[in-house]
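Colleague: Sequence first, predicted coordinates after that:
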Amino acid sequence: MTHIKKYTMTVIGLLLLSFIFTACGQQPAAAPASNESSEEAAEADSGAAEESTQDKFLIGMSQANKGEPWRQAMNDQIAAAAAEHPELEVVFADAAQDNAKQVADVENFIQQGIDLLIISPNEAAPLTDVVAKAYDGGIPVIVLDRKVLGDKYTMWIGADNQLIGRTAGERVATWCEEQGHSPCNVIEIRGLEGSTPAKERGDGFREGIAGNANVEIIASQNADWLREKAIPVSQAMFQANPDVHVVYTHNDPMTEAAIISAEAAGLNLDDMFFVGIDALPTPDGGIRSVIEGRIDATYVYPTGGAEAIDYAIQILEESASPDKEVILDTQEVTEENDEDIYAQFGGQ
Ligand code: FRU
């Protein structure tokens, strides 16, 4: 954008703001302290909303649950990407897997006068209205990874979970065929039911195994994406179904939990096939687990953190209108390519 254009827009923006505040008989809200702000220590009262020149932008990042390694990686990537742009300040909130808390976090961001919202919603339906409220109120909204319902947001960035599930299902169908299992018994451990990836990964998997009529899902349980929940859930599943060939879980932390339970149940892990999703390139992430021979196949599920900041810059500074959906690449990780992929993603 040219300097003159920027100046003109700023003047128009200022006039509009003063009109709105006069009409409402209000002063621009001073940003209250964030309820639990960030690693980046939000100086909430730097309030981009009342900045006249808009040479600073305040971004609210509403995270579904920081307690999971993949979500911490997303926050870290956002913080690192934003650090490259001194004009950006990112305030983080952690909903700790609580929909009501996440609604309150977004409300709080709206009150703070954020210039843009990034949200990775815990569950779709409960977060839809507050996201729409931000969007309708003129705040650009980037939805990351999990979706909301409807289309009241600026853009969604994430990988194709249906495709990941389908590829995992095809891989399982092939393994079952190679092993000659008939039937080939699968147990599934699912993510939080109201979160869109759980449905998509489950549906896609069913499409993928459809090519081999011997593959049978003999039990499917929910462990809400959480390793600690997946331990008792998988224990109970192995107890009820000792003749399991394949374990398909919707993320790697739940796969690791199932491996621990299978070992404890005295099952022969070498005869089983464990499939997860996420493939974080970290010492305790999924790629290393494949390298170390525990998980048999996992799928790179990029967090989209860096992309979110790239698009935020385009929206805020270049008045861009990005595509409504940006689909990120994924990759299958098996013993055939584990070391390469670990290196490719800078594994450490
Ligand atoms: C973390 C996580 C990831 C998963 C993603 C799906 O909360 O469970 O492991 O891939 O969310 O939204």
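Modeller: In hand now; what should we look at? These numbers come from a predicted model, not from an experiment.
Colleague: pLDDT below threshold where in the chain?
Modeller: 1-53, 348 (pLDDT under 70).
Colleague: mind running it again at 50?
Modeller: Along the chain, segments meeting pLDDT under 50 span 1-52.
Colleague: For it, what lies in contact range of the ligand?
Modeller: 65, 68, 70-71, 145-146, 191, 195, 197, 225, 251, 277-278, 301 (Cβ under 6 Å from any ligand atom). Using the backbone N, CA and C atoms, a C-beta is placed for each residue, glycine as well.
Colleague: Recalculate using a threshold of 8 Å.
Modeller: By the rule Cβ under 8 Å from any ligand atom, the part of the chain lying against the ligand is 64-65, 68-71, 120, 145-146, 161, 191-192, 195-198, 225-226, 250-253, 277-278, 301.
Colleague: Out of these, name the ones that lie in helices.
Modeller: Under the assignment DSSP state H, those contribute Pro69, Trp70, Arg71, Asn161, Thr196, Pro197, Ala198, Asp252, Pro253 to helices.
Colleague: which residues sit in contact with the nearest residue to the first one once chain neighbours are set aside?
Modeller: I take that to be Pro69. Distance criterion Cβ to Cβ, 6 or more residues apart in numbering; nearest residue to Pro69, sequence neighbours excluded, is Leu280 at 6.1 Å. Applying Cβ atoms under 8 Å, 6 or more residues apart in numbering, we find Leu280 in contact with Pro69, Trp70, Ala73, Asp252, Gly286, Ile287.
Colleague: Tell me how many other residues surround the second one.
Modeller: Here the number of neighbours of Trp70 (other Cβ atoms under 10 Å) works out to 21.
Colleague: Kindly report the same for the first one.
Modeller: Summarising burial for Pro69: neighbours were counted as other Cβ under 10 Å, giving 18.
Colleague: isn't it right up against Thr282?
Modeller: Yes - counting by Cβ atoms under 8 Å, Pro69 does reach Thr282; the two are 6.8 Å apart.
Colleague: and for these two, which residues touch both?
Modeller: By Cβ under 8 Å, 6+ apart, no residue touches both Pro69 and Thr282.
Colleague: quick one: the strands in the stretch 1-150 of the chain?
Modeller: Counting by DSSP state E, counting those that start in this stretch, the stretch 1-150 of the chain has strands at residues 57-63, 88-94, 116-120, 141-144.
Colleague: CSV please, covering those strands and showing distance to Glu335.
Modeller: Shown next, in CSV, are these (distance: least, Cβ to Cβ, whole Å):
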stretch, distance to Glu335
strand 57-63, 33
strand 88-94, 36
strand 116-120, 31
strand 141-144, 31
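Colleague: Figure out which of those strands is closest to Leu269.
Modeller: strand 116-120 (32.8 Å; Cβ to Cβ).
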